[in-house]
Each structure stands twice: as structure tokens, then as C-alpha cells.
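# coordinates only, no sequence provided:
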């Protein structure tokens, strides 16, 4: 690691461009430590080829400039008094077309020192609303949602989120447009308009986000913890905000002036702001842009909020109790939350990480291993991380989350006892330096040899760090452990006190005991005193001999040398060996990281022979995953990553990390696969867990419809509603026999990439053969991949949901293209993007926020389909009415397609080229892309280049012809519609779905203004950036890769962001009616909890009554009230098997 110095900008705006270098060891050993910390010196990884400069403007704004183009500063000379007009021309990039085609992107992150802790008591959620309004309009740019429209039009993206103490805005756009973008943002801060229409519009968006959060059990648990905080502490307030909490603002006639004053007083404070800019331009250009733009924001001379003084939010009796909580999903979760002092005060030591490391360990002797061996938990999570709710300037909350099995639900007291036995062990042994050294060394190595990261995530991390850490530590202060102080760590361990702890048991079995409701999220919960003898044991637990502090990892790397090349460097994988038992691929380019990647695909002809074989395979995979956790964790603690998941044809195993011990680690994993050490008791327990998993998939319509889809589209594929019939009859002997059968006739495709020689790769390949005893496999036994050809007609199938109280209808509409060239694929990509926004707007006219719409490309064994997914309420819309309504859309959209001009289409192509040019080229991303090509048997390793070349050949006529042939023309349209709905959905009406919607009251003008942010020709604000970093994504259970459009569908940011597409909550289940023959009576309050927990020990959940009737097949709904148009337009499917057997199959594709 080196330290590159960066000098602050001088008052005369001259900057020294000399960059000194100092080894980090000089700081860590104490040499010149004070001198280094007092200067703006930034420590970076030696493998980070970017340069950093930290400056502070005259108004107090701190800016971190990051570039890989430091040499241009010297070429521009030292004279800043040149032609001003020429400089401004260069900065504004007036020659748009040439600059745009250079495909350089700039990322900007701005941190504003105002968060939800500043919300007034009568307006909770005001900070969140203000964050949304920052994108609206200003006096200089009065257009509604000007920033979104501008960034979207030029292929960029905007994100924002509100934390307790600050608000972050993230923008990524082409470099030639960054000046205009920042100017729009700056004026939104300096002089916002805050029109009434915009306020009401963003209030609606805020309400949608709140509705989504209500269905997420993580957010629900966090909200309940906040509700239990002290009455006088602002963390208790409802920071999400909704129409109810902000009703006073809506009713206030001066709300516009109130919000403008709020932005001026709390948001427009440059001396409290931090900005990060990442670009390929030189420091000089970046600095000049920042200076000329942000000089408009004058120093405010205001005192920044004192968040440090907001201490002890959890010092209340309501928090220090046992809570039973009724969840939204069917989960069993135990959460223990311990209040700590703010970890910001000890960020160099990070005592909470030491505690988390011990609890997270999965090696023998750890809590994880101990509870898993008893079959009480699935895994352990934590909630002390980047979210400020758990980690802020005034306080911290260390939360342990144990995901329980049903057996664990019967042993709640024993599990909690075990947690406090581990805490007792930590106190008794004290902080161990060897454990801290292992953590310190592993994290230091990860930083030293880090791969490239996504620029938006990177900018977000740095801008948050700028407000917390000195300049030296801004790149790694959140990760590295710099100082071992036993006293500080021991103090943190002592705060894990059962007397101050909050315990939550989240399970649907708690419903009858939940007599209180949190008012905003409507969380049902019960609050109970902890029995005295429980508390007495937790304060003085016995030493548990089964629990120990784990030994140091044997996989901790110390050799980071780069190995010589015995195979010439290559930019794509090459076949190194082709044996009778498999194929070895090898990839190594010029990147010099001491990391390696071992990706293995084990193919077996027996995983999909029958529903029973498929069920056995699922159980086998579930058990193997559990076995690997204990054996694999020593590697995970050394930053070795392992992924293991099933496919249609076998298992995929992915290992990555430092190469020194990676081969030995792979051997240990293969031994687990070969030995399969499981007893009969374990088989019974994992059968129950698999049954629970099957039940959850059938009870959730979005998962059930996926199984129906795959059953239709794949030649041989067994859905869960067939596999579950065989699960109860599986014996321990059968699963052991299947383990042997799976390894019989097993073949392997292997990719070795990174810092490994060719000879080492061959040796590893043969080691895999030796351990698993791989032999010759006949070609006829290799799995084949066959896709179904949908008939050239419109086909519909309606299936009843397994849940009788389900009131959400899920609909999939497929238009199958067939075998697809790269040129066809990018054409369908463009159509998917253009249809998405227009269809969303069209559906909004039927009813505001009543539809969720996603458009995806599905690639099933090389057969591509355009998929439209719709979710809506069966209590408001009939599914066939929606089918008719969407069909009318496609007819109307044909006119838009036909009227598209060459100029509009060329702009669209340019945006797509821009996204594909900025593909993530990190080593990890390259290896993942190449592995997908190998898995799918396509081997198009330069797919991205071919797609860019294909874009050059497309014309607007191509798009029009495809739309006519595959969506409009009845004779060539291969359409399949799958519907999952309740049996009592609303009846169809003669007038269609608009008449059914009594909740829709928006005017056409309001609808038009609401969606004015979207650019012409249907391009979306937040979907385009995904094209810039797209990767093929393999679905875990179905061996088809999803549309590349969806590879970044989930933002990496911690919060729901302003501009993310949201799934609208449709009240997926109907209201519950509680039945209780008589009220529960308890001897006294202290024994209430003990009585309830003991009742869980004897309870048995009967799947056939409480969940689903497993012995029944899918119920296909037959429509009787069909219109003449529906009868003539669609073929209704009444038998899945018969329909599938009547379809043709595409040619066989054998795995090679």
C-alpha cells in the first residue's frame, strides 16, 4: 500500500500537481504518524491505478476528485490565465455528438448534512419528502422533474436516500453532460420552486415507498425497535413518512414557503457538505468545473447539528423486554438487540467487529456450528452495518438475528441460553490478540488487492467516509482494523447485558399473543416481562464445553506473488484439457492480482430423470449446503468466497479468493461432496426444511407462476407441485443411495482463472477427478437441453392460487421469438426498454398504483422470449379484462412504433452503445461473464463487442418488422399467457377494467405531469444504467439466464431510493379473522412468556390445514363468461400435460 499525497487548493486557485509517495508502514509503525494525519494524504491500494485529490472550496465544501487521467494536467500547462472563452467552451462540451460518442462516464456523490433526526415532531418523514423534492424544479429550470428528465435522456441515472444524519445524492452520466447536470442540481438546492403539484406528486411516491416497506420484515423489525425507543429521542419518529404523518404539511397553505426555507436553512450548508467526483478527465478540468459551479453556493456560517449529543435512545423499560411479533412473510426469526456506545468513537478499533466475528464463525466449536448441529437454526445474520439506525454518531445497536428451524422454534430458551454462554466465554477469555490479528490481516489483504468496484457504490462509500474519517483513511476507514485495544473491546463485550437487551421472536405462531399494534406499519406484537430465573441464568451462565473460540484460519494467505506465465496471456478462455470425464477451461489476462477463480459445473444424468429424482436432488443439495457451511467457513473468514447451487443438469460450485490456499480449500470442499456425512436424524430434519421451502414456493404466487412458466418452456423440468408429492416417502437410505448415484457417471466442466499457471490448473483438474472418482461417460448419458416451441396462437391458462386468502393476481405474457442471433437479441432489448415505460403509463390510466409491471427477456436454452409480468388486485380487476386491456395497448403502441423517426431511433441506439461501452471490466466481472457463456454452451466470449457491432446495423424498420411479426400478426405470434389468481376474483365486466376501478380519480393532466420525467420514446430513468454494467445472471433452479437488463435491478444502496422502480403492495392476503375459543389466562405477568414459549414446544403445524393441501395438483380455472372476441383470439388450456405434449421441441443441445 502506498500513500499518495494530495495538496489542498490554495486561495489563489493554484494547485500543486506533485504527488509524493509514502509507504503505509511508516504510519502503522508510528513513524511520522502525526505529520501524515495532519496533511491531506490519502492511502490507496497499490492495485488501485486511480489518483485522488482532496480539496476544500472557499465556501467550505470538501471535494474528493478521483481520476485515472493524471497526466493531462501537465500537458495543459501551468498558466491558468489563458483564453477564458476557450476554457468555458471546453468545460461545457458544446460539441455534443463527438463528446457523447467517447462514452466516458462521470459519477458524482453529494452528501448533505441533513437527515431524518431533524424532522419536526409534528411532521415525521419531512426529510425523506425533502429528498424527493430536491429533484423537482428551480427558478432557473422550472420544468417539472427537470433533473430526472435530463439525466434519463442522456442515458444516466440518479439515486438518493435519506439517513438519520445526512442525505446522499448519486448521479452517473456521460462526462460531457456533467456540467449541465450539476447546474440543475445546484439550483434545486439554491432556489427550489416546490410547487404544490410537485409536493402532492412526491407525497404519492413517498406513500408508495412506505407501502412497500410495510411488506418487508426487516424494515418492520427496524420500525418496531424505533417505536420502542425513548419518547423524547428523535430516532423514535416515523422517518419513512406518508400522507398521514405529513398531513399537517398538506393542509398548510404556506407549505411551499416552509419547504423552501427548510432547504435553505438545513440543506444549503456547503461547509457541512462533501462531494466525490469520479471521472476519466484530468484533475484540472474536474476542479475548474467544481469551482465554477459551486461558487454560487455561499458559505452559510451556520452551526451544524450536534448529532453526537443524541445518546441512549434505548434506555427505556419498553425496549428491555421480550416481544412476540407477527411477521408479513412466513418466517421464524429470533433477534437479540444490545445497545452500545457509538462505534464512531472507536472506529480504528471496531470492537463490534470483534464480537461479530466470534458470533458469525461457523467452524466446529462456534455458536453457529453448535446450533446447526442441533438443527435449531439455518444461519445467523447481524444488523450492525452501514444503516445509520444501527450505527450513528450518538448510539449503536448490535443485533444478532438467528433464523430458526421449526425444531429451533421449540427450543427458544435453550438458544438464548447459548447466546449468553458465548458472551460469558468472551468475558472469561477476554479479547484475544490472535483473533484480532487474523481479522486485521485478512481485511488488510482484501484492501491491498481489491478488484475494481462499481463506481456508484464506490462514490457512495467515499462520500460517507469523508464525513467521519481523516483524509488518510477515507478509502478504508470503514473496513480495516487499525489498532488492538483490549480495554475498549472488553467494554463493548460488557455492554452485551441481558438487562438492557431487547429480544424479539418473529413468527406467525405468535398471532394470538399479539395484543398491541405499532401505528404506522401496523405491526402486531406482544410485550412480555422476562422470567426472573431466565434473567438469573443469563447473568451468570454455565460454561458450555461445546462452545469455544475458533482457531486461526489455515487459509489465511501470506504469499501474494504473481506466478509466471506458462500459457500465453489470453483475453478469452481457452480449452486447456478435454478429457473423457470433462473439460478444463483456462483464462488468464495481464491483470496482476494474486487471486484465482475456480468454477466447476458437475453434470449428472440422474438429477432430472423423474419428479422423485428431482426431489431427491433438492434434498441432497440442501444437505450439502449445510455441510459446507461448517467446513467452508475458515476460508470465508480469509475472504475466500464460495457459492454452491443446483441447476437443471447438476451442481455449480464457485470459489474465488487469494490463490495461495485456494487449491487446498477446493480439495476440502470436494471431500465433503464425496463423503456426504449425514445421519438419519439429520435427514428427517432437512426433509422438514425442504418441505417448508416447497410450501413457501407454492404459497407465493410469484414463485408458483415461475414453476408453471418453466414447466411450459423447458422440455424436461419438474415443478415443485409435482416434486412435493414424493418428499414424505424419502428415506435415509434413499438419500444415501442418491448421493452415490449422483457421483456415478458424473462429468465436470471447470474454469480456472486468475493467478494460476496452466500446469497448476491441470493438476487441480486431475485432483478433482481423483477425489470424486470421475470416469468416462457416454455421450448419450450427457444431459440434453430442450426448449418448448409455443404454438403460433394466443394461449391462456388460469390457475387457482394455493392460498385461499390470496387477493393478488400474477400474470405472465410471453411472446416467443425462437432461436436468436445477437442482432435479434439487442433488437428485442431495445423493444423491451421502449415498451416498459409506455405500458406503465398506460396502466396508470386504469388506476393509480394498482399495477406492478416488469418487462424481461427470457433466454431458455437459447430460445428468447419477451416476458411481461403484471401484478394487480383480484378484488379490483378481472384477469381477462386486464388481458383485453393490455392487448389494446399493443395495438395502440404499434402506432408509436410506426411513427418513430430515424433521429429518435438513432438517439436510442446511441444510449445503448453508451451503456455497453461502459461495461464493468473488473476481473471478477469478466470471469462471471465467460462462465455464463460456458454454462449455456454458447461460447460467445466477445458478446459485448458483437452486440455493439450489431447495434450499428439496426434500423427503425427492423424494429417495426419484428413488432408486427411477433406481437401483432395472429399467424406468426407465439403468445402464452399464464395467470395465477384466486377462485373468487371479481367478475368480468362489459366495459373493461377502467369501470372496475373505483379508486382511480386522477385527471389526465395529473397523469401527464406525474410521468413527465420520462424521456421521449419510452426510455426509463433507472433501467438504462444497468446496460452499462450488465452480466448474465443464472437463476438458481432453472438453468436459464435472465435478461441482461435485470442484472442490476436491485440497487446496492442501503435504502429504498427515490428513483428505483417499486413493486406496489397489493395487499396480497385478505384480512385475517382471529378465532379463539377462550382467552388465555396466566398465573401472573412474570409467567406469561414462559407459558407461551412452552406452548411452542408442543405445537405442530399441520401443512394440510394451515398451509396448502399437498396431495392436490394444480387447479385450472375454466372460464364460462367469455366474450366472442376472447373465444376467437385465444386458446384456453385445460390440461398442462396435454398442452405441453402437443407442442414441438427445439433441437437438442447437449452440454459439452
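Okay, I see it. Just so it is clear, the structure is predicted and the values come from calculations on it, not from any experiment.

# beyond whatever helix or strand residue 831 lives in, next helix or strand please.
For residue 831, the enclosing helix or strand under DSSP states H and E is helix 822-844. As assigned by DSSP H and E, the chain's next helix or strand after helix 822-844 is strand 852-860.

# okay, the angle between that next one and helix 822-844?
160 degrees (axes from the mean of the first three to the mean of the last three CA atoms, to 10 degrees).

# what's the model's confidence in strand 852-860, averaged?
Mean pLDDT, computed over strand 852-860, is 88.

# and the angle from the helix or strand just after it to helix 822-844?
The helix or strand immediately downstream of strand 852-860 is strand 863-873, counting by DSSP H and E. Put simply, strand 863-873 runs at 10 degrees to helix 822-844, going by the same axes, to 10 degrees.

# for strand 863-873, packing partners?
Packing partners of strand 863-873 (3 or more CB pairs under 8 Å, 6 or more residues apart in numbering; DSSP states H and E): helix 701-713, strand 808-819, helix 822-844, strand 852-860, helix 879-899. For the C-beta atoms, the positions are set from N, CA and C on the backbone; glycine is no exception.

# let me have these in a markdown table, extended by mean neighbour count.
Shown next, in a markdown table, are the helices and strands packed on strand 863-873 (neighbours: other CB atoms under 10 Å):
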| stretch | mean neighbour count |
| --- | --- |
| helix 701-713 | 21 |
| strand 808-819 | 21 |
| helix 822-844 | 20 |
| strand 852-860 | 21 |
| helix 879-899 | 17 |
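
# nearest to residue 931, of the ones you listed?
strand 852-860 (15.4 Å; CB to CB).

# that closest one pairs with which strands?
Sheet pairing of strand 852-860 (DSSP bridges) gives strand 863-873 (antiparallel), strand 1041-1042 (antiparallel).

# which stretch among those comes nearest residue 105?
Judged by CB to CB, the one of the strands paired with strand 852-860 that comes nearest to residue 105 is strand 1041-1042, at 24.3 Å.

# quick check: residue 276 is in a strand.
Yes - assigned with DSSP: H, G, I helix; E, B strand; the rest coil, residue 276 falls within a strand.

# how much space between it and residue 888?
47 Å (CB to CB, to the nearest Å).

# again, but for residue 940
Going from residue 940 to residue 888 by CB to CB gives 38 Å.

# likewise for residue 851?
15 Å.

# one more: residue 241?
Distance of residue 241 to residue 888, computed by CB to CB: 37 Å.

# run a quick neighbour tally on residue 676.
By other CB atoms under 10 Å, 17 other residues sit near residue 676.

# and the residue lying closest to it once chain neighbours are set aside, how far from residue 368?
Of all residues not flanking residue 676 in the chain, residue 739 sits nearest, at 4.4 Å (CB to CB, 6 or more residues apart in numbering). In this view, residue 739 and residue 368 are 24 Å apart by CB to CB.

# quick revisit: and residue 565, which of the strands paired with strand 852-860 is closest to it?
strand 1041-1042 (31.6 Å).

# C-terminal to the closest one, what's the next element?
Beyond strand 1041-1042 in the direction of the C-terminus, DSSP H and E gives the next helix or strand as helix 1088-1098.

# centre of the chain to that next one, how far?
On the basis of CA atoms, centre = their mean, to the nearest Å, helix 1088-1098 is displaced by 37 Å from the centre of the chain it belongs to.

# pull out the buried positions in it.
Under the neighbour-count criterion of 16 or more other CB atoms under 10 Å, helix 1088-1098 has 1088-1090, 1092-1093, 1096 buried.

# check which helices and strands that helix sits against.
Applying 3+ CB pairs under 8 Å, 6+ apart, one finds that helix 1088-1098 contacts helix 412-429, strand 523-528.

# how about the helices and strands packed on strand 863-873 in a markdown table, adding distance to residue 382?
Listed next are the helices and strands packed on strand 863-873 as a markdown table, based on distance: least, CB to CB, whole Å:
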| stretch | distance to residue 382 |
| --- | --- |
| helix 701-713 | 27 |
| strand 808-819 | 32 |
| helix 822-844 | 37 |
| strand 852-860 | 31 |
| helix 879-899 | 42 |
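
# angle of the helix holding residue 831 against strand 808-819?
160 degrees.

# report the contact partners of residue 123.
Each residue near residue 123 by CB atoms under 8 Å, 6 or more residues apart in numbering is listed here: 245-246, 248-249.

# can you do 6 Å?
Residues in contact with residue 123 (CB atoms under 6 Å, 6 or more residues apart in numbering) are 246, 249.
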